[in-house]
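[1] generate coordinates for the sequence data below:
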Amino acid sequence: IKALVAAQVPEGRKGFERDDAFVERMAEASAKGLEPIELSKCDPSALNEKSLAGCGLAVLCGVDRLPQGFSDSLAGFVRRGGGLLITLRPGMQVEAFNKSYGPLLPMMVGEPFRQGFDEERYFSPQPAELPPSLFREFSGGENGDLAAARIYNHFSLITGGDKEDSGKTLFALNNGDPLIVEKRFGKGSVVMLSTTLGGEWSSLPVHQAYLPLLSRLFNHLAGFSGMALNRQQGEPLICELPSGTDKVFVTRPDAKLDSCPIAVSGERFFGRYEEASLPGVYEFRDAAGASLGYFSVARPGRESDLRQLHADEMEMFKKVLGAEVAASGDEFALAVGGKDSGSEKTWLCLALVLALFIMDAALTRIWFT
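    Numbers count the residues shown, from 1 in each chain. Model prediction:
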């Protein structure tokens, strides 16, 4: 998963208070898992359409003004299946923020709930409309009770008049205000936090479940983009299935038929095949034999890497193919250019041309004077 990250950090914020610090920690932790997260960091003022190339999601932390033209690029990115995570920060310009993001916002952003910071006044997050198999494990204490976290301040979120255009609340505060909201936009999805991602306005970052929650959000948002159809040997093949599929099979390049486990994420069904060890084409089929998708597994590149041959193997290679092997650029130039050293003659040609010009000028002057 490749994520574009742009954070507008107020001056003087360090470590615990920085939103992007926790994104980096989560990415470092993901490197030990099956689907590591690669971050592509960008200054908010430099965001453009090229910044989104190759990314499955964008993470904008406290960015209240998008560069000119980037709003349309971002909307197109999400509409095609990309994910977008938006977080808020103290001191941001609310009016400019709402105008920049426009229809992408799950809810419009109002003013902060309170002015300033009071460690004795806080709210607690509560699960709301959590999709099955998505965030359910974070609703109890077994995997780290998020309800024990303290939210010291947040922005009020304003629900639009059109309910279909408004996002749904995944987590709310115990006073009823939304904390994490989500909205489907085209093929993609937008998730927004009404508070900071770092520790400036909440104690969420110090809870054990926080980094796993961020990782789940990243995977959820990146999951709306198209699955990679060209894979390397050993990488999983993931095929999105029609809703309600109960059985799926995979036809391998060696013509064998394997059953494939089905994973459910929210209301989406996926077939995940882990035994793609042979190069070639793999086909997913349902129980009736209907084709659901094709994947290609590449052959290993080591077969064409001559550097791995031992001396005796190299001699056999040259003998069988009648080939010469050049180990350096100089050897290659000598092999294709023959015995000649290929010394430079350009200076001699230029000198001859110059001499002809001088002789032509001299003769012209003699004949016409």
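[2] contacts, neighbours, all on C-alpha from now
    Noted.
[3] quick one, helices of the chain?
    Counting by DSSP state H, the chain has these helices, from start to end: 19-30, 70-79, 94-101, 210-222, 311-321, 329-337, 346-367.
[4] so which of the ones you listed is nearest residue 113?
    helix 94-101 (12.9 Å; CA to CA).
[5] re the thing from before, now the helices of the chain as CSV including mean neighbour count, distance to residue 174 and mean pLDDT?
    Shown next, in CSV, are the helices of the chain (neighbours: other CA atoms under 10 Å; distance: least, CA to CA, whole Å; pLDDT from 0 to 100):
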stretch, mean neighbour count, distance to residue 174, mean pLDDT
helix 19-30, 18, 24, 84
helix 70-79, 20, 31, 94
helix 94-101, 17, 24, 93
helix 210-222, 19, 18, 84
helix 311-321, 12, 72, 84
helix 329-337, 12, 70, 78
helix 346-367, 10, 83, 85
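[6] now those in TSV, with distance to residue 270?
    Shown next, in TSV, are the helices of the chain (distance: least, CA to CA, whole Å):
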stretch	distance to residue 270
helix 19-30	21
helix 70-79	21
helix 94-101	31
helix 210-222	13
helix 311-321	45
helix 329-337	49
helix 346-367	65
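[7] of all those, which lies closest to residue 247?
    Comparing the helices of the chain under CA to CA, the one sitting nearest is helix 210-222, at 23.2 Å.
[8] so where's the stretch 101-250 of the chain uncertain?
    By pLDDT under 70, the weakly predicted segments of the stretch 101-250 of the chain are 117-118, 127-145, 160-165.
[9] re earlier: select, out of the helices of the chain, the one closest to residue 120.
    Between residue 120 and those, the tightest spacing by CA to CA is seen for helix 210-222, at 21.9 Å.
[10] convert the C-alpha atoms of that closest one to CSV, please.
    Provided in CSV are the C-alpha atoms of helix 210-222 (Å, rounded to 0.1, in the frame of the first residue of the first chain):
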residue,chain,number,x,y,z
TYR,A,210,-4.5,3.4,18.2
LEU,A,211,-1.8,2.3,15.7
PRO,A,212,-3.8,-0.8,14.8
LEU,A,213,-6.8,1.4,14.3
LEU,A,214,-4.9,3.7,11.9
SER,A,215,-3.5,0.7,10.1
ARG,A,216,-7.1,-0.7,9.6
LEU,A,217,-8.3,2.7,8.4
PHE,A,218,-5.4,2.8,5.8
ASN,A,219,-6.2,-0.7,4.6
HIS,A,220,-9.9,0.0,4.5
LEU,A,221,-9.4,3.2,2.4
ALA,A,222,-6.8,1.6,0.0
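[11] packing partners for it?
    Applying 3 or more CA pairs under 8 Å, 6 or more residues apart in numbering; DSSP states H and E, one finds that helix 210-222 makes contact with helix 19-30, strand 57-61, strand 83-87, strand 188-193.
[12] so which of the ones you listed gets nearest residue 273?
    helix 19-30 (20.8 Å).
[13] next one: phi and psi at residue 278?
    Backbone torsions of residue 278, given as degrees, to the nearest 10, read phi -100, psi 140.
[14] how many neighbours does it have?
    18 (other CA atoms under 10 Å).
[15] contacts only, for it.
    Taking CA atoms under 8 Å, 6 or more residues apart in numbering, we find residue 278 in contact with 233, 253, 297.
[16] ok, the first one to residue 84 distance?
    Yep, that's residue 233 we're talking about. Computed as CA to CA, to the nearest Å, the residue 233 to residue 84 distance reads 30 Å.
[17] please say which of those two ends up with more neighbours.
    residue 84 (30 against 17).
[18] quick check: the more buried one touching residue 190?
    Yes - with contact defined as CA atoms under 8 Å, residue 84 reaches residue 190; the gap is 4.7 Å.
[19] list residues touching both of the two?
    Residues within reach of residue 84 and of residue 190 at once, by CA under 8 Å, 6+ apart, are 78, 221.
[20] tell me which of the helices and strands packed on helix 210-222 lies nearest to residue 114.
    Judging the helices and strands packed on helix 210-222 by CA to CA, what sits closest to residue 114 is strand 188-193, at 16.6 Å.
[21] what lies in contact with that closest one?
    The contact list for strand 188-193 (CA under 8 Å, 6+ apart) reads 78-88, 104-106, 179-184, 221, 224-225.
[22] just checking: what are the partner strands of it?
    Paired strands of strand 188-193, with direction, are strand 83-87 (parallel), strand 178-185 (antiparallel) (DSSP bridges).
[23] got the angle between the first one and strand 57-61?
    Angular relation of strand 83-87 and strand 57-61 on a 0 to 180 degree scale: 10 degrees, by axes from the mean of the first three to the mean of the last three CA atoms, to 10 degrees.
[24] and for residue 31, the neighbour number?
    Neighbour tally, residue 31, other CA under 10 Å: 12.
[25] confirm for me that it is in contact with residue 24.
    No - Residue 31 lies out of contact with residue 24 (CA under 8 Å); the separation is 11.0 Å.
[26] on that earlier part again, got a markdown table for the strands paired with strand 188-193, with distance to residue 38 too?
    Shown next, in a markdown table, are the strands paired with strand 188-193 (distance: least, CA to CA, whole Å):
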| stretch | distance to residue 38 |
| --- | --- |
| strand 83-87 | 15 |
| strand 178-185 | 23 |
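[27] what's the most buried one of the ones you listed?
    strand 83-87 (a mean of 25; mean count of other CA atoms under 10 Å).
[28] quick one: contacts of that strand?
    56-62, 77-78, 188-197, 221-225.
[29] in the stretch 201-350 of the chain, what residue spans correspond to strands?
    For the stretch 201-350 of the chain, the strands defined by DSSP state E, counting those that start in this stretch cover 230-231, 237-241, 248-251, 257-259, 262-265, 268-273, 280-286, 291-297.
[30] how far out from the middle of the chain is the third one?
    The chain centre lies 28 Å from the centre of strand 248-251; the measure is CA atoms, centre = their mean, to the nearest Å.
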